[in-house]
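Enquirer: I'd like to go over a predicted model; first the sequence, then the structure.
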Amino acid sequence: MTTMTPPTASPTAHKLWGGRFAGGPAPAFEALNSSIGVDFRLWPFDVQLSRAWAMALYNAGVLTLDECGEIETGLDAVAARLDAGEQPAASDEDVHTLIDRLLHDEIGDTASKLHTGRSRNDQVATATRLWSMDAATRLDTAVRDLQQVMIDQAHGLETTLMPSYTHMQRAIPVSAAHWLLSHFWPLARDRTRLRAAQRAAGVLPLGSGAVAGCAYPISRVLLQGSLGFGTLTQNSIDAVSDRDFVAELLFSAAMISTHLSRLAEDLIIFGSSEFGFVRFGDAYSSGSSMMPQKRNPDAFELARGSAARMLGDLTTLLATLKGLPTSYNKDLQDDKRVLFDAVDTLLLVLPAVGGGLAECEFNPQRMRAALSSTMMATDLADYLVRKGATFREAHGAVGRLIRQCEDGQLDLHTLPLAAFTGAHPLFEQDVFDALSALHSVEQREVEGGTGPSAVRAQLEAAQSALG
């Protein structure tokens, strides 16, 4: 989309208001009031809705067919100029003023008829909704691309075993693919939220006017269809002030960034020398200006850091909305600042995380080396349960064995059989089979578990979930 350079000077101000004012606004107020630096990027959607509005005015008998055609031709010319890089003038208060000025340049006084029956209140609400619907689609594609990278990497990790962690302490052996897919499913939920946010944005406010509705017999149903909205707003007062859809998209962005941060945190930890589970590639890492040996996972660290910005954007909007009285207030002008920041940031972060993950090299040997037979303590308890003990009884017996290992700085598999039978009489020679990490994983074939068949089924489900 076209980016904006600083506004150029303009000898003649062009405003959509001001007839009741004796003088012009103070420069300090103009600087504060101007939003063109933020909302300029809405121009394709403002042009789109303006074309639809011209046709609605024609159908309502406000414009002649020739006037409607002239306005549509003029809007095409405006779009061509903006697409070619034309920038706002210093006098352009917002994107709507900019387009109105350029349309007057193209077709003269006929342009003045386009604003009949509409307000910048319902105009900006419509343009922001159109932008949000498009943004949700772009975010969904970027999340899906990252999910595909996860699946591709997980296929190579199905038979690699690694520790799972709770409280950052080694827990039970799992397939490394199972660990990686634990980051896939949160993103699947994020895509569901994005679709919901897109539907929330797909409610047409155009035709609501400034606050009370349009005084001309325009067809909002035809506007809805021509602009691709799913339904219509039911109340004109609510329509011009509703920014729930922005909050929903920001919440989706905050959740996506939170999930990216958790993935990044795992990879950063696993990539440290102390773990050595993963080696970062060159393309998404950086070096140190002082220490030549360093390879820093900057892409993942920046992804982790961006989650704070996403949370800030959401909180900023909610704090703004909670104090507003009925209908439109100029506070809402800043909704786009946080919306654009969140989407722009995510569209930078998501490809970088995907690229960084794609070139990660996992180290199966280091992962397996981090396993120990003590991690099979739960399997030992299950062993006793299968022999007829209660789980509480089994838990206590294994706990005593673990304490014995800690006191002697031993691992479970190094204890003699006598130690096991001393802890509980149901232990037999086959107890040592239960101390195998592979045996542990193979016992967990429940749906969603880390067993080999369960992980294969999960991979198939993940690929199907991409749609």
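Expert: Arrived safely.
Enquirer: wait, is residue 323 part of a helix?
Expert: No - per DSSP: H, G, I helix; E, B strand; the rest coil, residue 323 lies outside any helix segment and is coil.
Enquirer: quick one: least confident helix or strand in this protein?
Expert: The helix or strand with the lowest mean pLDDT-type score in the chain, counting by mean pLDDT, DSSP states H and E, is helix 27-33 (a mean of 81).
Enquirer: How far off centre is that one?
Expert: Centroid separation between helix 27-33 and its chain, computed with Cα atoms, centre = their mean, to the nearest Å, is 34 Å.
Enquirer: Mind checking what helix or strand follows that helix in sequence?
Expert: Following the chain from helix 27-33 toward its C-terminal end, the next helix or strand by DSSP states H and E is helix 36-39.
Enquirer: Tell me which residues of that next one come out buried.
Expert: For helix 36-39, the buried set under the neighbour-count rule, 16 or more other Cβ atoms under 10 Å, comprises 36, 38, 39. Where C-beta positions appear, they are placed from N, C-alpha and C, glycine not excepted.
Enquirer: Reformat those as a markdown table; add pLDDT and distance to residue 109.
Expert: Below are those laid out as a markdown table (pLDDT from 0 to 100; distance: Cβ to Cβ, whole Å):
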| residue | pLDDT | distance to residue 109 |
| --- | --- | --- |
| 36 | 92 | 24 |
| 38 | 92 | 30 |
| 39 | 94 | 26 |
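Enquirer: re earlier: and the least confident helix or strand of the chain, C-alpha only, in PDB?
Expert: Output for helix 27-33, consisting of C-alpha atoms alone and laid out as PDB, is shown next (Å, rounded to 0.1, in the frame of the first residue of the first chain):
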ATOM      1  CA  PRO A  27      -2.000  26.500  13.900                       C
ATOM      2  CA  ALA A  28      -1.500  24.500  17.200                       C
ATOM      3  CA  PHE A  29      -5.000  23.200  16.900                       C
ATOM      4  CA  GLU A  30      -4.600  22.300  13.200                       C
ATOM      5  CA  ALA A  31      -1.400  20.300  14.100                       C
ATOM      6  CA  LEU A  32      -3.300  18.400  16.800                       C
ATOM      7  CA  ASN A  33      -6.500  17.900  14.800                       C
END
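Enquirer: residues in contact with that helix?
Expert: Outside of helix 27-33, the residues that reach it under the criterion Cβ atoms under 8 Å, 6 or more residues apart in numbering are 25, 93, 330.
Enquirer: Strands of the stretch 201-350 of the chain, residue ranges please.
Expert: Taking DSSP state E, counting those that start in this stretch, the strands of the stretch 201-350 of the chain run over residues 203-204, 231-232, 278-279.
Enquirer: Tell me which of those strands sits most buried.
Expert: strand 203-204 (a mean of 24; mean count of other Cβ atoms under 10 Å).
Enquirer: Who are the packing partners of that one?
Expert: Here strand 203-204 is seen to pack against helix 120-155, helix 220-227, strand 231-232 when contacts are counted using 3 or more Cβ pairs under 8 Å, 6 or more residues apart in numbering; DSSP states H and E.
Enquirer: chain center to the last one, what's the gap?
Expert: Spelled out, that is strand 231-232. Centroid displacement of strand 231-232 relative to its chain, using Cα atoms, centre = their mean, is 25 Å.
Enquirer: Also stretch 102-115?
Expert: Centroid separation between stretch 102-115 and its chain, computed with Cα atoms, centre = their mean, is 39 Å.
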